[in-house]
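K.L.:
below are the sequence and a predicted model for it; my questions follow.
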Amino acid sequence: MEKKDDVLILAIETSCDETAAAVVRNGRTVLSNVISSQIELHKLYGGVVPEIASRKHIEKINQVIEEALREADKTLGEMDAIAVTYGPGLVGALLVGVAEAKAISYGAKKPLIGVHHIEGHISANYIENPDLVPPFLCLVVSGGHTHLVKVKDYGSYEILGRTRDDAAGEAFDKVARAIGLGYPGGPKIEKLAKEGNPDAILFPRAKVADGPYDFSFSGVKSAVLNYLNGCKMKGEPVVTADIAASFQKAVISVLVDHAMMAVEEFGLDRFAIAGGVASNGTLREAMRGACEKKGVRFYHPSPILCTDNAAMIGTAAYYEYLAGTRHGWDLNAVPNLKLGQR
Ligand code: KG4
Ligand code: ZN
């Protein structure tokens, strides 16, 4: 039997191209984490096709939820709340999860908790790090977002900086496409970079004049395209491994510089990374090294918790549940939902 004070949450995530459901106990124990990835489907098009994503979510969502409950060995009746990502993300994709969560919570008479996707990514760090509690700094780097965030408390965030154009993961994906690696580009660039020289080409490390913590990655992406064009015009061979390694170094160096500047200014002794790009081993090691030099503890989720998943949504929902957050039947998908907005 569950102890009375155990809180079980069924969480659903459909904001992009993963149909995911999880059961999480007391925010930090993952009883199941089922992810049905659509990557193979979207690969054919070189990126996520929103309508295909929605259609696939509709097809998979019930099976994924069933499996999450089965793996957790729990019933819907045992859940204390139903949580769902309601933004930001692709509107048609979000709507599938939101409609499903509303139907379940209505049918099973359970409270409904809408969760911010980025809050989910940040919260992924709590799962394997029982000692991690706010306040801390977190760099969220994914295909859609690049945010440097001060986590003041559970559910309380201050955005220090964000990207002005492309997200870090988006830059990886675009550069990968330019050098013929296909989608998703991040893992492919990381692999190829291991065979290249990161100092072969000096790509720009953009600074944003009026926002010291803001990022801009469209310049480095354009620099790679220009470099490729230049090679073509001069008839010089293109060493894709050197491009991958040099591009990756440029992106990582900006991410680490901004992160360490924030560590100094805000004097926090814990730093975490999150989001799909956080599964990049070279980024993790660079961040770990920089943190160690400053005597700051470094945290990162396992790769499976870096990419989109529902366990992170269940974790974020637990702290929202404790704070009393409950959503009504009018909960809707909010594609551009701001962090900290309820
Ligand atoms: O968090 P995520 O699964 O979805 C979003 O919320 O966007 O992030 C996906 C992004 C993609 O752009 C992908 O190329 C990137 O994360 N990514 C990586 C790596 N693995 C995934 N980028 C760099 N290195 C990796 N190893
Ligand atoms: Zn994400």
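P.N.:
Received, thanks. Numbers count the residues shown, from 1 in each chain. Ligands and ions are numbered 1, 2, ... in the order given.
K.L.:
for the stretch 201-342 of the chain, give me the ranges with low pLDDT.
P.N.:
341-342 (pLDDT under 70).
K.L.:
which bits of it sit near ligand 2?
P.N.:
Counting by Cβ under 5 Å from the ion, the stretch 201-342 of the chain comes close to ligand 2 at residue 308. Placement of C-beta: from N, CA and C, glycine included.
K.L.:
leaving aside the residues next to it on the chain, what's closest to the residue in the stretch 201-342 of the chain positioned nearest to ligand 2?
P.N.:
Residue nearest to ligand 2 within the stretch 201-342 of the chain (Cβ to the ion): residue 308, separated by 4.4 Å. The shortest distance from residue 308 to any non-neighbouring residue, by Cβ to Cβ, 6 or more residues apart in numbering, is to residue 18 (4.2 Å).
K.L.:
count of neighbours near the one you found?
P.N.:
Neighbourhood size, residue 18 [other Cβ atoms under 10 Å]: 22.
K.L.:
distance check, the closest residue to residue 237 other than its chain neighbours against residue 239.
P.N.:
Among residues not flanking residue 237 along the chain, residue 231 sits closest, at 7.2 Å (Cβ to Cβ, 6+ apart). Distance from residue 231 to residue 239, counting by Cβ to Cβ, to the nearest Å: 9 Å.
K.L.:
more crowded one of these two?
P.N.:
More crowded of residue 231 and residue 239, by other Cβ under 10 Å: residue 239, with 17 against 14.
K.L.:
enumerate the residues of the stretch 51-200 of the chain near ligand 2.
P.N.:
Counting by Cβ under 5 Å from the ion, the stretch 51-200 of the chain sits next to ligand 2 at residue 142.
K.L.:
just the pLDDT at whatever residue of the stretch 51-200 of the chain ends up closest to ligand 1, thanks.
P.N.:
Residue of the stretch 51-200 of the chain nearest ligand 1, by Cβ to the nearest ligand atom: residue 186 (2.0 Å). For residue 186, the pLDDT comes out at 96.
K.L.:
which parts of the longest helix seen in the chain are buried?
P.N.:
Ordering each helix of the chain by length in residues (DSSP state H) puts helix 240-266 first. In terms of neighbour count (16 or more other Cβ atoms under 10 Å), helix 240-266 has its buried residues at 240-252, 254-256, 258-260, 262-263.
K.L.:
enumerate the residues of the stretch 51-200 of the chain near ligand 1.
P.N.:
142, 143, 144, 169, 170, 172, 173, 184, 185, 186, 187, 190 (Cβ under 6 Å from any ligand atom).
K.L.:
repeat that with 5 Å
P.N.:
Residues of the stretch 51-200 of the chain lying close to ligand 1 by Cβ under 5 Å from any ligand atom are 142, 143, 144, 169, 172, 173, 184, 185, 186, 187, 190.
K.L.:
which residues sit against the helix or strand hosting residue 55?
P.N.:
In this assignment (DSSP states H and E), residue 55 forms part of helix 50-72. With Cβ atoms under 8 Å, 6 or more residues apart in numbering as the test, helix 50-72 has contacts from 10, 12, 14, 16-17, 19-23, 31-36, 38, 41-42, 45, 75-76, 90-93, 95-97, 100, 104, 310.
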